[in-house]
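S.K.: sharing a sequence plus its predicted fold:
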Amino acid sequence: MRAALLSLLVALPVRAAVDDSDISGGGKVSKTALSSETVAPRRFALKAAAAPKPEGTALTVSGRFLLTDPKGDSAPGREAVAVLLQGKKEAARVVTGSDGSFKLTAPKAGRYTAVLRLENARWSLVDEDSGKPHEWKAGDVDLSTGGVDLGELRPDPASENGRIPLIHLLYLEALGTFGRLGLDLAWWDRPLTVNYPASSDYYSGWALHLSDARAWDVNLHELGHAVMAKAMNARGGGGAHKIDECYTGGLALSEGWATFFAGVVRLSPDDADAKFEYLVPRRAPIRLENVPEDVCKGENNEWRVAAAFWDLYDSHPDGGDGIALGFPRLWAALKGGSMGSFSDAWRLVRRTLTADEAAAAARAVEHNSLPAALGPTLARPKFD
């Protein structure tokens, strides 16, 4: 696996190179296998539930885009796009509805090709080598006399390309987390480029590179880097890192936040043993409630930082952790000022708490071996 370039800095003019190779491993997609499934470059076949049927006299192409979730269940392909092409020229485009349905209207009678792409106002799933969007061919249609209903269309979940929608579904879940909690997304003002399949996992310059569509925790971790880079005034750090070693406070902050973010999206806040599935295979499962004793202690370790964020957030009491601030309160505090280490993040959170909350929060932080980094006044709130 090549060294990955990861841009984490929004407050510094020079972007740091970070080797994220310890995060994931195994399960890589064969680009040869992926390309062998294409009907045309970047274009995959869809499984149709029924043959197309006429649909009135209007020059429309309709259908329903369905995806397959990790459990094998059907999920609507919502917030994707259906595109009508005449040759290489785009004739019409529409966003799929909440149930995955779409209806395209042709500008004039003729022959067209309908394709579906996993892109929206927040992200676009593209091929890393070409930079062009992945697309699935919904059908060639003749709109000389009227419209066509293509029925239900689904990428084959048994194929390599059928895994690509797992990323789309996962990021819809992340988007839903912000929406469910009523958090503003104005900062997410342009589409994030999601390159897949990549040979390693990293974030750089408002683009993600992902190697395994099934690795939900790795893919959420990388999205967490993008969230920090775009929404926060955070100063990360550069260099190689391993989850059980110590390095710099900035790098530990950015990596720890990214892992914490993955937990917020997918793991239950009252889980007595919150843990990941694919993240860092050599130490799997990575647990947020129970960090092993051999892991380097202090705020210069990403695992400890992730666990400290989690204990401030979660509702499951363990050891010295007896506080549950929830994500909206942490989010509001952390967006409010500059951060270059967990110490900075703690100060931003602490100044929003009552005295009793600050004391309980301090115990949760201490529970994760961070008191030395934060100084002797940890348990006494300082408003700065």
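M.R.: Sure, I can see it.
S.K.: pLDDT weak spots in the stretch 51-200 of the chain?
M.R.: 51-57 (pLDDT under 70).
S.K.: give me the distance between residue 186 and residue 217.
M.R.: According to CB to CB, to the nearest Å, residue 186 stands 27 Å off from residue 217. (Each C-beta comes from the backbone N, C-alpha and C, glycine too.)
S.K.: er, residue 130 actually
M.R.: For residue 130, the distance to residue 217 equals 28 Å [CB to CB].
S.K.: likewise residue 348?
M.R.: 26 Å.
S.K.: of these two, who's got more company?
M.R.: Shown here are residue 348 and residue 217; by other CB atoms under 10 Å, residue 217 has more neighbours (25 against 21).
S.K.: in stretch 111-125, what's buried?
M.R.: For stretch 111-125, the neighbour count (16 or more other CB atoms under 10 Å) marks 112-120, 122-125 as buried.
S.K.: which of the residues you listed sits closest to residue 354?
M.R.: Ranked by distance to residue 354 (CB to CB), these are led by residue 122 at 35.7 Å.
S.K.: close enough to count as contact, that closest one and residue 191?
M.R.: Yes - here residue 122 reaches residue 191: they are 6.2 Å apart, a contact under CB atoms under 8 Å.
S.K.: SS state for residue 173?
M.R.: When classified by DSSP: H, G, I helix; E, B strand; the rest coil, residue 173 comes out as helix.
S.K.: what helices and strands are in contact with the helix or strand that contains residue 136?
M.R.: In the assignment (DSSP states H and E), residue 136 maps to strand 135-142. Using 3 or more CB pairs under 8 Å, 6 or more residues apart in numbering; DSSP states H and E, the elements in contact with strand 135-142 are strand 43-45, strand 60-68, strand 111-117, strand 148-154.
S.K.: closest to residue 237 out of these?
M.R.: Nearest to residue 237, of the helices and strands packed on strand 135-142 and by CB to CB, is strand 111-117 at 35.9 Å.
S.K.: in its sheet, what does the closest one sit against?
M.R.: Strand pairing for strand 111-117, using DSSP bridges, gives strand 81-86 (antiparallel), strand 135-142 (antiparallel).
S.K.: got the angle between it and strand 60-68?
M.R.: Computed by axes from the mean of the first three to the mean of the last three CA atoms, to 10 degrees, the angle separating strand 111-117 from strand 60-68 equals 30 degrees.
S.K.: packing partners for the very next helix or strand once past strand 111-117?
M.R.: Sequence order places strand 123-126 as the next helix or strand after strand 111-117, per DSSP H and E. If contacts are counted by 3+ CB pairs under 8 Å, 6+ apart, strand 123-126 sits against helix 165-180, strand 192-195.
S.K.: which neighbouring elements make contact with the longest one?
M.R.: Judged by 3+ CB pairs under 8 Å, 6+ apart, the packing partners of helix 165-180 are strand 60-68, strand 123-126, helix 216-231, helix 249-266.
S.K.: out of those, which is closest to residue 135?
M.R.: Nearest to residue 135 among the helices and strands packed on helix 165-180 is strand 123-126 (9.5 Å), distances taken as CB to CB.
S.K.: good, we can wrap up now.
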